[in-house]
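Q: Mind looking at a prediction? Sequence and model below.
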Amino acid sequence: MNKKKVLGLSILLIIGLAGFIGTLGYYQALLVSKESQMLSLSSIIEQSNIQISNLADLVDEKDDGINSLSSEVICLTEDKDDLSSQILNLHNQKKDLESQISTLNSHIQIIQSDNSNTDPDIIALQNQIVELNQIIETRDLQIRTLLTKKEDLENPNATLTTQIEYLQIQVESIQANYDFFMDSYKLLREEVNQRFDPTDPKLTITPNNNEISDLVQSITGGWSNTSDFNEFWTDVKNLYFWVESNIEYRSDGLSPILPVTPYNNLIYTTDMWQFPEETIDLEKGDCEDQGILLCSMIRCYTNQEYATDCIWITDSESTHIGVQIPVSENKLVILDPARNYYSKDFLGNIVFNDITVEINNWFNDWKASTSSDVYVKKIFSDYRLETFSSMNEYFTWMQNYGFSVIVNQY
Ligand SMILES: [Ca+2]
Ligand SMILES: [Ca+2]
C-alpha cells in the first residue's frame with residue numbers, strides 16, 4: 001500500500017470515528033432526558049399511591065358510618081313498629097271510649113225523659129235555661145246595636161257627610177219653593193197693581209175681548225161701510241150714550257196696592273182701574289173705568305185701524321180721564337161719559353173743533369174755573385202710551401200724530 005491510500009484510509013477512519021463520537025453524544029443526552037422523565041413519573045406515582053392510601057382510609061370511615069347508620073335504621077324501625085302499635089292501641093281505646101260515651105248518652109236520655117216531667121228541680125233548671133237564653137239573645141241584640149253605634153262613632157266624617165248631603169237637598173228644595181213663591185208673587189203683584197197707576201196702561205184697553213166685540217156689535221151692528229163716516233160718527237155717538245146710560249158713576253173704594261216684596265207694607269188708594277169687561281159686568285165705574293171701556297169699544301169698532309186714546313188730564317189737586325178721537329186737519333173730538341160731556345153743537349151733533357179749542361172746552365167743563373196748572377199728563381191706548389210735561393208738549397205732539405185719524409166729515 002502506498003502512502004496516499006494509507007492517508008485516505010486514515011481520513012476515512014477519522015471521519016467515521018468522529019461520526020461515532022457524535023452519535024454517542026446524542027444518545028447520551030437522550031438517556032439523560034429519559035432518566036429525568038423517569039424521576040418525574042416516579043414522583044407522580046408516589047403521590048398517587050399516597051392519595052390511594054387516603055382514599056382507602058376514607059372508604060374505611062364510610063364503611064364504619066354505613067354500619068353505624070344501619071344499626072340506627074334498625075333501631076328506628078323497631079321504634080316505628082312500636083309507635084304504630086301504640087297508635088293502634090289508642091284507636092282501639094278511642095273506639096272503646098266512644099262506645100262508652102254513646103252508652104252513657106243513652107243512659108242520660110233515659111234518665112232525663114224519666115225525670116223531665118216529674119222532677120221540679122229539673123223543670124226549674126230548664127226554665128232558668130230558657131230565661132238565660134232569652135237574656136243572652138237580648139244581650140246579643142244590645143251588643144250588635146252598640147257595635148253599630150261604635151262603627152258610626154269610628155266614622156264621624158261619613159255620618160256628617162250624609163247629614164250635610166241631606167241638608168243640602170233640603171236647602172235646594174226650600175230655595176226652589178222660595179223662588180216659585182217669589183215668581184208667583186211677582187205675577188200676582190203685576191196683575192193686581194195693573195189697576196193702580198199702571199206702568200203699562202196699554203194693557204187695560206182690550207178691543208179684542210169677546211165681551212167687548214159682542215157688545216159693540218149689538219149696539220152698532222158694526223161698521224158696515226168703512227168709507228161711510230156718517231155711519232162711523234153715528235155709531236160712536238151710540239157707543240158713548242150706551243156707556244153714559246148703562247154704567248153708573250161710582251167713586252173707587254179703598255184698595256190695597258201690593259208692595260215689591262211680600263214683606264213690605266201695603267199702600268191704600270182710592271184710585272182703582274177696572275178692566276173694560278169688569279165695568280160691563282159691574283155696570284159701575286168712575287171716570288177712568290168708563291173712559292177705558294169706551295176707548296176699547298171704539299178701537300174694537302174700527303178694527304183697530306183708527307186712532308182713539310184715553311186722555312189723562314191732571315192739575316195740582318186731581319186727575320181725570322176721558323176719550324179723544326184725533327180728526328183730520330188738527331181737529332179733536334172728546335168723549336167723557338163720566339161727566340156727560342162730548343164735543344157737540346147746540347143740537348147735540350158731534351162737532352170737530354180745533355184741538356186747542358176743544359181741549360179748553362173740556363177743561364172748562366171739568367172745572368168751571370180752570371186752574372192754570374192743568375195739563376194733559378198722558379194719552380194711552382192699546383197701541384201706544386205717551387207722557388207729557390206741559391200743554392205745549394201735548395199740542396206739538398198732536399200736530400204730528402203719526403197714526404190714521406178719522407176724517408172730519410159726515
Ligand atoms: Ca153700524
Ligand atoms: Ca176706577
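A: Sure, I can see it. Numbers count the residues shown, from 1 in each chain. Ligands and ions are numbered 1, 2, ... in the order given.

Q: What does the residue nearest to residue 244 when sequence neighbours are not counted show for phi and psi?
A: Spatial nearest neighbour of residue 244, excluding adjacent residues (CB to CB, 6 or more residues apart in numbering): residue 337 at 4.0 Å. For every residue, glycine as well, the C-beta is placed using N, CA and C. According to degrees, to the nearest 10, the main-chain angles of residue 337 amount to phi -60, psi -30.

Q: burial of residue 337, as a residue count?
A: For residue 337, the count of nearby residues is 25 (other CB atoms under 10 Å).

Q: What is the least confident helix or strand in the chain?
A: Among the helical and strand segments of the chain, the one scoring lowest on mean pLDDT, DSSP states H and E is helix 3-115, with a mean of 70.

Q: could you point out which element follows it?
A: Using DSSP states H and E, the helix or strand that follows helix 3-115 towards the C-terminus is helix 120-154.

Q: buried ones in the helix or strand just after that following helix?
A: Using DSSP H and E, the helix or strand that directly follows helix 120-154 along the chain is helix 156-193. Across helix 156-193, burial judged by 16 or more other CB atoms under 10 Å covers 189, 193.

Q: And stretch 329-347, by the same measure?
A: By neighbour count on 16+ other CB under 10 Å, the buried set for stretch 329-347 is 330-339, 341-343.

Q: tell me the two of the residues you listed that are most distant?
A: The distance between the two most remote of these (CB to CB) is 26.0 Å, for 330 and 338.

Q: how far away is the residue lying closest to residue 235 once chain neighbours are set aside from residue 381?
A: Spatial nearest neighbour of residue 235, excluding adjacent residues (CB to CB, 6+ apart): residue 220 at 3.9 Å. Counting by CB to CB, to the nearest Å, the separation of residue 220 from residue 381 is 19 Å.

Q: In the stretch 251-400 of the chain, what residue spans correspond to helices?
A: Applying DSSP state H, counting those that start in this stretch to the stretch 251-400 of the chain gives helices spanning 276-282, 287-301, 355-366, 391-399.

Q: which one of the ones you listed is the most hemmed in?
A: helix 287-301 (a mean of 27; mean count of other CB atoms under 10 Å).

Q: tell me what that helix is packed against?
A: Packing partners of helix 287-301 (3 or more CB pairs under 8 Å, 6 or more residues apart in numbering; DSSP states H and E): helix 210-220, helix 229-246, helix 276-282, strand 309-314, strand 319-327, strand 331-336.

Q: can you dump the C-alpha coordinates of the longest one into PDB?
A: The C-alpha atoms that make up helix 229-246 are tabulated as PDB, following Å, rounded to 0.1, in the frame of the first residue of the first chain:
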ATOM      1  CA  PHE A 229    -168.000 108.300   8.200                       C
ATOM      2  CA  ASN A 230    -171.600 109.300   8.800                       C
ATOM      3  CA  GLU A 231    -172.200 105.800  10.000                       C
ATOM      4  CA  PHE A 232    -169.000 106.000  11.900                       C
ATOM      5  CA  TRP A 233    -169.900 109.100  13.900                       C
ATOM      6  CA  THR A 234    -173.500 107.900  14.500                       C
ATOM      7  CA  ASP A 235    -172.200 104.600  15.800                       C
ATOM      8  CA  VAL A 236    -169.600 106.300  18.000                       C
ATOM      9  CA  LYS A 237    -172.300 108.500  19.500                       C
ATOM     10  CA  ASN A 238    -174.400 105.400  20.200                       C
ATOM     11  CA  LEU A 239    -171.400 103.800  21.900                       C
ATOM     12  CA  TYR A 240    -170.900 106.900  24.000                       C
ATOM     13  CA  PHE A 241    -174.500 107.000  25.000                       C
ATOM     14  CA  TRP A 242    -174.500 103.300  25.900                       C
ATOM     15  CA  VAL A 243    -171.700 103.800  28.400                       C
ATOM     16  CA  GLU A 244    -173.200 107.100  29.700                       C
ATOM     17  CA  SER A 245    -176.600 105.400  30.200                       C
ATOM     18  CA  ASN A 246    -175.600 101.900  31.400                       C
END
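
Q: Can you give the distance from it to the centre of its chain?
A: 60 Å (CA atoms, centre = their mean, to the nearest Å).

Q: Residue of the stretch 301-410 of the chain closest to ligand 2, please.
A: Closest approach between the stretch 301-410 of the chain and ligand 2, counting by CB to the ion: residue 321, at 9.2 Å.

Q: Measure how buried residue 8 is and give me the count.
A: For residue 8, the neighbour count with other CB under 10 Å is 11.

Q: same thing with residue 123?
A: Around residue 123 there are 13 residues (other CB under 10 Å).

Q: swap in residue 205?
A: When counting by other CB under 10 Å, one arrives at 28 neighbours for residue 205.
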